[in-house]
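Engineer: below is the sequence, then the predicted model.
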Amino acid sequence: MTERETIYQSLRKDGISRREFFKISSMVAAVLSLPVSDGVRGLAAEEVRPSRSMVRRVRRAMETKPRVPVIWLELQDCAGCTESISRSNAPTLGSLVLNTLSIEYHETLMAAAGFQAEGAKNDAMQKYQGQYVLVVEGSVTAKDGGIYCTIGGKANDELLKEAAAGAAAIIAVGNCAAYGGIPGALPAPTGGVGVSKVITDKPVVNIPGCPAIPEVMTNTIVHYLVFGKLPELDDIGRPKAFYGVTIHDRCLRRAFYEAGKFANTFGDEGYQKGYCLYKLGCKGPTTYNACASIRWQNGLSFPIMSGHPCLGCSEPNFWDGGGFYQGQSAPLNKPTLAAAGGALAAGAVLGAGMAANNRRQKSKAESDEKEEA
Ligand code: SF4
Ligand code: F3S
């Protein structure tokens, strides 16, 4: 087994000062504190204030634990999850995983190509046998011996099995890697399936979504890199901290649902008033994900807040499951008087949230313009 340097030693070798290390470890602590802050809506990771004990724990782990290399495989995918993580709280969170903590191989991001890239992957697999984290993006082609996705002359299922054999942990990011996603949708010409259908002798952590939420990917990977263990999972392999409740449970239109106030078509009066999108096919009641609390774009918004029903992108059978704009996912509740009052409050919250977003977008556009000028 190769003697490995600690995360701290590796950062110092890369020219990171002690002061910068303190900043990085505080950022890692903030990422790891996200689930605790899950009740706060629209929270960007950089706004999380981790507790002192968490910062101390993280700092100690980074000073004493060996650096864990990451090998990132892309199979049948659009690289959307890589896009998502590399733009998260740009550049801090993405670079934390992608540059600072250790990526040995990543087809989209590495400078090398062809034989050189394949050589780098094989070297890393050999050198860190039994020690690296394997992150997989994209589904596996299960039909016809995997011939629809080959890299360096090898079928993707063979590549996956090879890389999984020496991995200490396997993390499947995005709906494709978790459950087959779009390549697995009917008629599924390549027979796309999730990683856990091919790798059955090791646990696979699923971070589904289309794409997966960047903070959730970062948290899960960093959790393993720093503490050397995987988070607690639900019965379909998702970290409970982020997939423990439905979108509906935390939805800001929920009071309208309870009050029986719905948009019936895009653009109708109910839609303009910000009513519930259930009748437009919203899958929020049966979709487990953290969008309604962490949101997207550094806590700015999420589909329902922007006027679009949830499509259920973090669930198995996403895409085929009921169609996008039909097939509501749970029985309607009868409206109550209390809910009617809640609906008024929800309208105010939604309106205030949208106004705040408009202000943020306007001020961002203004600062972008200034920078360009
Ligand atoms: Fe929100 Fe959809 Fe639930 Fe309506 S059905 S409250 S829009 S999650
Ligand atoms: Fe996906 Fe629904 Fe969130 S479509 S992005 S889980 S709101």
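Structural biologist: Noted; the coordinates are in hand. Ligands and ions are numbered 1, 2, ... in the order given.
Engineer: please report how far the residue of the stretch 51-200 of the chain found nearest ligand 1 lies from ligand 2.
Structural biologist: Relative to ligand 1, the nearest point of the stretch 51-200 of the chain is Asn175 (18.3 Å; Cβ to the nearest ligand atom). The way it works is simple: take the backbone N, C-alpha and C, and place the C-beta from them, glycine included. To ligand 2, Asn175 is 9 Å away according to Cβ to the nearest ligand atom, to the nearest Å.
Engineer: do Leu252 as well
Structural biologist: From Leu252 over to ligand 2 (counting by Cβ to the nearest ligand atom), the distance is 12 Å.
Engineer: and the pLDDT for that residue?
Structural biologist: Note on Leu252: pLDDT of 94.
Engineer: before we move on, what about Ser25?
Structural biologist: Predicted confidence (pLDDT) for Ser25: 83.
Engineer: quick check: buried residues in stretch 137-153?
Structural biologist: Using 16 or more other Cβ atoms under 10 Å as the test for burial, stretch 137-153 gives 137-142, 146, 148-149, 151.
Engineer: in strands, which of these appear?
Structural biologist: Using DSSP state E, the members of those that fall within strands are 137, 140-141, 151.
Engineer: CSV for those, including distance to Ile171?
Structural biologist: Listed next are those as CSV, based on distance: Cβ to Cβ, whole Å:
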residue, distance to Ile171
Glu137, 10
Val140, 15
Thr141, 20
Ile151, 19
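Engineer: nearest to Val198 among those?
Structural biologist: Checking those against Val198 with Cβ to Cβ, the nearest one is Val140 at 5.1 Å.
Engineer: where does the stretch 1-150 of the chain have low pLDDT?
Structural biologist: When residues are selected by pLDDT under 70, those of the stretch 1-150 of the chain lie in 1-3, 35-48, 87-102, 111.
Engineer: same thing but at 90, please
Structural biologist: Counting by pLDDT under 90, the stretch 1-150 of the chain contains low-confidence ranges at 1-17, 20-55, 57-59, 61-62, 64-70, 72, 79-122, 124, 142, 146.
Engineer: got it, and the stretch 201-350 of the chain?
Structural biologist: Residue ranges of the stretch 201-350 of the chain with pLDDT under 90: 214-232, 241-242, 293-300, 317-350.
Engineer: now do the same contact list for the closest residue to ligand 1 within it.
Structural biologist: Nearest residue of the stretch 201-350 of the chain to ligand 1: Gly284, at 2.2 Å (Cβ to the nearest ligand atom). Contacts for Gly284 (Cβ atoms under 8 Å, 6 or more residues apart in numbering) come out as 246-248, 251, 277-278, 292, 304, 309-310, 329.
Engineer: using the three-state scheme, assign the closest residue to Gly174 other than its chain neighbours.
Structural biologist: The spatially closest residue to Gly174, leaving aside those adjacent along the chain, is Cys81, at 4.1 Å (Cβ to Cβ, 6 or more residues apart in numbering). Following DSSP: H, G, I helix; E, B strand; the rest coil, we place Cys81 in the helix state.
Engineer: touching, Cys81 and Ala172? I think so.
Structural biologist: No. Taking contacts as Cβ atoms under 8 Å, Cys81 lies outside contact range of Ala172: 9.8 Å.
Engineer: tell me where the stretch 201-350 of the chain has strands.
Structural biologist: With DSSP state E, counting those that start in this stretch, the ranges of strands along the stretch 201-350 of the chain come out as 204-207.
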